[in-house]
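[1] return a 3D structure for these sequence lines:
(2 chains)
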Number of protein chains: 2
Amino acid sequence: MAAEAEAGREFFTTRTVGEALAGFRPERRTRAEAVSVAAALGRVPAEPVVAPHPLPGFARSTVDGYAVRAADTYGVSEGLPGYLQVTGAVLMGTEPRLSVGPGTAVGMPTGGVLPAGADAVVMIEYTQQAMPGTIEVVRPVAPGEGVVRADEDAAQGAQLVPAGRPLRPQDLGMLSAAGVTAVAVHARPRVTVFSTGDEVVSPDTAVLRPGQVRDATAAALGAMVADAGGAPVSGGIVPDDPAALETALRAALPASDVIVISAGSSVGVRDETAGVVARLGEPGIWCHGLAIKPGKPTLLADCDGVPVIGLPGNPRSALVVFRLIGIPLVRLIGGCTTPPPEPTVRVRLARDLPSATGRLDVVQVRVADGAAIPLFGLSALLSVLASADGFLIIPEEATGLDAGTEVDVTLYR
Amino acid sequence: MAAEAEAGREFFTTRTVGEALAGFRPERRTRAEAVSVAAALGRVPAEPVVAPHPLPGFARSTVDGYAVRAADTYGVSEGLPGYLQVTGAVLMGTEPRLSVGPGTAVGMPTGGVLPAGADAVVMIEYTQQAMPGTIEVVRPVAPGEGVVRADEDAAQGAQLVPAGRPLRPQDLGMLSAAGVTAVAVHARPRVTVFSTGDEVVSPDTAVLRPGQVRDATAAALGAMVADAGGAPVSGGIVPDDPAALETALRAALPASDVIVISAGSSVGVRDETAGVVARLGEPGIWCHGLAIKPGKPTLLADCDGVPVIGLPGNPRSALVVFRLIGIPLVRLIGGCTTPPPEPTVRVRLARDLPSATGRLDVVQVRVADGAAIPLFGLSALLSVLASADGFLIIPEEATGLDAGTEVDVTLYR
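    Presented below is the predicted three-dimensional model:
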């Protein structure tokens, strides 16, 4: 076993996280599909959507008041009000039958259509009824005041939402206002998640036999995939048997946009996984070994156009690597060029953190009272991740961070 | 119209946003329901979940190597290795049949069960085969080294996830590891969303008649509700008719945890909406008028235990208010006591921003090159919100912010 493991290690092509993010960029993109705007939150438009007609489409009052010709109000004041004859009122949602001529005004609700002849709306606060049918105006208005232009919210052909940015609630509002009811979005990348290991059993196993562990990684990875806009597909649990793994991977390949394998945790099993992935398709393995802690035994491959991520066997290491490498990959393949911002907080480090140069360290922390408190514990412990509020990164070039250093913590949500 | 509007205003009970968040705290909470862990991402546990048994449940190797009695390695070195007889190897996922006695070792895969008699695992890197069946050990190990204790990931009864915090991917992993397959979570608050206004038509209206506008608010509010963990229910579009609105609200009351009304935009219609809400149930209106820009004509009420939010008629104002007041309310009723963190960024303000004291201003901004660039435009314009990267807040006590001031921008995602 030892000899095999040592031999296997010689084939490692170790990369940094930065190299992986910049260099492992599969060309695969999911096709476009139409979804209704009501179901489009978080979906990624495949192309920009433009306004089919001007918005709001008519000159619209922004206040309650009176539609007027602005020139009729020039020079008026509290001391010297202007007098206008009110010829009627506009009703919401209807085209005004009246027009506004010199010396006249028409009552306007907020949002009403500006009548022909009017070029401004005087707020009701600056008017009062002088006698039935006549108002006093005590403040002048400029042309355009109290009015939204017919194309002020969007000109015809103006971009309503860009391609590549997940749709936000206000984007759905903007599309609805424009009468866009369906939008072409990238299909969710289908991410098939395999767990491997003779010791791994389903999470619904009530009583474990000694040596067995329940599959913790698949549920967490599935949630991370969904959160990144992908569609997780369960590949199930595969025993430590290269032939069984190869059969399972080949079967999944045609229906997967990404394949994720929580690899066995021992070196021998990892090498077997790498061997299977290497045979799966061309050009094959891109890196085997990532300069990250935890998470070194990570494998990245491109098998006939399907990216394959081999994750470490430890659930915690697997989730750390998937967050840094897998989520950006799922987003990339799903056409997301502007990922949503992640919550971060800048706080002081509560204690010294050692680190080796040449390796990126991901440290789980709790955040309390403006300080980041590192959580220690073996990389096998999932509880460290479950108790963390977020993580910080010690970059490759650093030899560690001193207590009191200001650090940026990425917060889990 | 003017007289009515002015009279209506006298009944305004204006509150600050802070008062609304601290003071408008309905007691309503949604009931608990069981959901499978696979479907529980983002759901809010109704009670803490504890480990039903210790995890991992057995002492487990964290490295590839040899299970030993630590005392057998004391004093060994590269120059003076210790020799141990290898009596066999542990297989993954099975209970070891061998035990480790003085002078012996058992081969261990990472994750394997520690055999009886052993108290540590020597990494394979610190051993080599001396002759068949015998290894040299060149580095001593302490008891517990290379081993996860049987209850190190979680002791029996230890809290796996807290109540009140939406479940994150790693929480689902932790629950799966413990064999917890279903979790009691708060039901999603049912939030019925009404749009009102004679001018408002369905977003699928292809051609608008003059004066009509498509309902932009409902789609955006529905998405915000879903994002906050609620279940949006469409109440549809109600004309500016108090009787019709009252009928619609009364019908929705029994099946709603929250009711949201995008109120008509003119003062008269707003007052009619307030009148209807006031009749809907006890204790009724809590505030009518919020010291916020945009969004002043906001109404908050408690109608027989169902909170009712009356939003301004302008889509942009409505979405600004719902984000600040509605989302925390939906979370509260859905049992969420620890809301997920929001992405923020600290940048410099690109230009002066005036503001009136006593009023909270919500300013939409783009963020570029480390600066927040305020987006101006009438509060009627939804496009301002759709072009924004986030927003900043000018608090009530400020008279404005100078260009160059450091501001915290909450980013949309």
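
[2] which sections of the stretch 151-300 of chain A are below the confidence cut-off?
    For the stretch 151-300 of chain A, residues meeting the criterion pLDDT under 70 lie at A:264-266.

[3] can you map out the strands along it?
    Taking DSSP state E, counting those that start in this stretch as the criterion, the stretch 151-300 of chain A carries its strands at A:159-161, A:182-186, A:190-196, A:200-201, A:213-214, A:231-238, A:258-262, A:283-288, A:292-293, A:299-303.

[4] can you list the neighbours in contact with the longest one?
    Going back to what we said before, that points to strand A:231-238. Taking contacts as C-beta atoms under 8 Å, 6 or more residues apart in numbering or on different chains, the residues outside strand A:231-238 that touch it are A:188-197, A:200-202, A:215, A:218, A:221-223, A:225-226, A:244-245, A:248, A:252, A:255-256, A:259. Quick note: C-beta positions are derived from backbone N, CA and C, even for glycine.

[5] and if we set it to 6 Å?
    Residues external to strand A:231-238 that are found in contact with it (C-beta atoms under 6 Å, 6 or more residues apart in numbering or on different chains): A:188, A:190-196, A:200, A:215, A:222, A:225-226, A:244-245, A:248, A:252.

[6] up against chain B, what does the stretch 151-300 of chain A have?
    Proximity of the stretch 151-300 of chain A to chain B is assessed by C-beta under 6 Å from any C-beta of the partner chain, with A:153-154, A:168-174, A:176-177, A:179, A:181, A:198-199, A:203-204, A:208, A:210-214, A:216, A:219-220, A:223-224, A:265-267 identified as the residues in range.

[7] which elements pack onto the longest helix along chain A?
    Of all the elements of type helix in chain A, the one with the most residues (DSSP state H) is helix A:267-280. Judged by 3 or more C-beta pairs under 6 Å, 6 or more residues apart in numbering or on different chains; DSSP states H and E, helix A:267-280 is in contact with helix A:2-9, helix A:242-252, strand A:283-288, strand A:299-303.

[8] return the last one as PDB; C-alpha atoms alone will do.
    Coordinates of the C-alpha atoms in strand A:299-303 are reproduced here as PDB (Å, rounded to 0.1, in the frame of the first residue of the first chain):
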ATOM      1  CA  LEU A 299      -8.600  16.600  -8.600                       C
ATOM      2  CA  LEU A 300      -9.800  18.700 -11.600                       C
ATOM      3  CA  ALA A 301     -10.400  17.100 -15.000                       C
ATOM      4  CA  ASP A 302     -12.100  17.700 -18.300                       C
ATOM      5  CA  CYS A 303     -13.600  14.500 -19.600                       C
END
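
[9] and it, what does it pack against?
    Secondary-structure packing of strand A:299-303 (3+ C-beta pairs under 6 Å, 6+ apart): helix A:267-280, strand A:283-288.

[10] that strand pairs with which strands, parallel or anti?
    Sheet neighbours of strand A:299-303, with direction, are listed as strand A:283-288 (antiparallel), strand A:306-311 (antiparallel) (DSSP bridges).

[11] orientation of that strand relative to strand A:258-262 in degrees?
    150 degrees (axes from the mean of the first three to the mean of the last three C-alpha atoms, to 10 degrees).

[12] how about residues contacting strand A:299-303?
    Contacting residues not belonging to strand A:299-303 are listed as A:24, A:26, A:274, A:277, A:280-281, A:283-288, A:308, A:310 [C-beta under 6 Å, 6+ apart].

[13] angle of it against helix A:242-252?
    An angle of 50 degrees separates the directions of strand A:299-303 and helix A:242-252 when computed by the same axes, to 10 degrees.

[14] distance from the chain centre to strand A:299-303, please.
    25 Å (C-alpha atoms, centre = their mean, to the nearest Å).

[15] likewise for the second one?
    For helix A:242-252, the separation from the chain centroid amounts to 32 Å (computed by C-alpha atoms, centre = their mean).

[16] pull out the buried residues from the longest helix of chain A.
    Using 16 or more other C-beta atoms under 10 Å in any protein chain shown as the burial criterion, the residues of helix A:267-280 that qualify are A:Val267, A:Gly268, A:Val269, A:Arg270, A:Asp271, A:Glu272, A:Thr273, A:Ala274, A:Gly275, A:Val276, A:Val277, A:Leu280.

[17] Serialize those residues to CSV and add fields for distance to B:Leu319.
    Formatted as CSV, these follow (distance: C-beta to C-beta, whole Å):
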residue, distance to B:Leu319
A:Val267, 54
A:Gly268, 56
A:Val269, 52
A:Arg270, 50
A:Asp271, 54
A:Glu272, 54
A:Thr273, 48
A:Ala274, 50
A:Gly275, 54
A:Val276, 51
A:Val277, 47
A:Leu280, 48
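
[18] which one of those is nearest B:Asp119?
    Within the set of the buried residues of helix A:267-280, A:Val267 lies nearest B:Asp119; the separation is 22.9 Å, counting by C-beta to C-beta.

[19] would you confirm that that closest one contacts B:Asp64?
    Yes. Assessed by C-beta atoms under 6 Å, A:Val267 is found in contact with B:Asp64 at 5.1 Å.

[20] tell me the pLDDT of the residue of chain A most remote from its centre.
    Seen from the C-alpha centroid of chain A, the residue lying at the greatest distance (C-alpha atoms, centre = their mean) is A:Met131, 58.9 Å away. What the model reports for A:Met131 is a pLDDT of 94.

[21] got it, and A:Ala3?
    Looking at A:Ala3 specifically, the model assigns a pLDDT of 33.

[22] what residues does stretch A:373-383 touch?
    Stretch A:373-383 is contacted by residues A:216, A:294, A:314-317, A:350, A:353, A:363-366, A:384, A:388, B:62, B:148, B:153-154, B:173-174, B:177 when judged by C-beta under 6 Å, 6+ apart.

[23] filter the residues you listed down to the buried ones.
    Buried subset of those (neighbour count, 16+ other C-beta under 10 Å): A:216, A:294, A:314-317, A:350, A:353, A:363-365, A:384, A:388, B:62, B:148, B:153-154, B:173-174, B:177.

[24] ok, A:Phe58 touching A:Val113?
    Yes. The pair A:Phe58 / A:Val113 is scored as a contact, 5.0 Å apart, by C-beta under 6 Å.

[25] common neighbours of the two, please.
    A shared contact of A:Phe58 and A:Val113, defined by C-beta under 6 Å, 6+ apart, is any residue touching both; here these are B:Pro210.

[26] more neighbours: which of those two?
    Neighbours per residue (other C-beta atoms under 10 Å in any protein chain shown) separate A:Phe58 from A:Val113, with A:Val113 holding more: 27 against 21.

[27] beta partners for the more buried one?
    A:Val113 has the following beta-bridge partners by DSSP bridges: A:Arg60.

[28] show me what contacts it?
    The neighbours of A:Val113, taking C-beta under 6 Å, 6+ apart as the test, are A:Phe58, A:Pro96, B:Pro210, B:Gly211.

[29] and if you look at A:Pro294?
    Counting by C-beta under 6 Å, 6+ apart, A:Pro294 makes contact with A:Ser317, A:Val320, A:Ser379.

[30] please name the nearest non-neighbouring residue to A:Tyr126.
    Leaving out its chain neighbours, the residue that sits closest to A:Tyr126 by C-beta to C-beta, 6 or more residues apart in numbering or on different chains is A:Arg139, at 4.0 Å.

[31] repeat for A:Pro283
    Counting by C-beta to C-beta, 6+ apart, the nearest residue to A:Pro283 once its immediate chain neighbours are dropped is A:Asp302, at 5.8 Å.
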